[in-house]
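[1] show me how the following folds:
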Amino acid sequence: MVVAVMSWELSLPGCASLKDKRMVVKSLKDRLHHRFKVSVAETRHHEMWGLSEVTVSLVTTDRRHADAVLAQIDRFVSNDGRAIVVNTTSTFY
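    Now for the predicted structure:
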């Protein structure tokens, strides 16, 4: 069994309020969950308008499958026009 976790620290330059930020982050979380069937949470910077950290996790039986899914998700997050990836980390258990 492989547990894969990946986090993105995101800059949200178009957000001028927490309401703006929450709309962007919620949209991203919902799209990740529905498209890739992974667990998603905002894990840091909850009260900062221009920053967020979003983390996904998945459980699979194969490390190659986990790598492939995380690579697809990473491209998806990087191509989101409303957020700029500042830092990415991944861990496998």
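[2] so how far is the longest helix along the chain from its chain's centroid?
    Using DSSP state H to define each element, the chain has its longest helix at helix 18-36. Using Cα atoms, centre = their mean, to the nearest Å, the mean C-alpha position of helix 18-36 is found 9 Å from that of the whole chain.
[3] the chain should start at 37 in everything you say after this.
    From this message on, residue numbering opens at 37, which makes the last subject helix 54-72.
[4] can you list the buried residues in that helix?
    57, 60-61, 64-65, 68, 72 (16 or more other Cβ atoms under 10 Å). In short, each C-beta sits where N, CA and C put it, glycine included.
[5] likewise stretch 91-98?
    For stretch 91-98, burial by neighbour count (16+ other Cβ under 10 Å) applies to 91-92, 94.
[6] turn those residues into a markdown table, columns for secondary structure and distance to A102.
    Shown next, in a markdown table, are the buried residues of stretch 91-98 (DSSP: H, G, I helix; E, B strand; the rest coil; distance: Cβ to Cβ, whole Å):
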| residue | secondary structure | distance to A102 |
| --- | --- | --- |
| T91 | strand | 15 |
| V92 | strand | 11 |
| L94 | strand | 6 |
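[7] JSON lines for those residues, including distance to V41 and pLDDT?
    Conversion of those to JSON lines gives the following (distance: Cβ to Cβ, whole Å; pLDDT from 0 to 100):
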{"residue": "T91", "distance to V41": "6", "pLDDT": "98"}
{"residue": "V92", "distance to V41": "7", "pLDDT": "98"}
{"residue": "L94", "distance to V41": "8", "pLDDT": "96"}
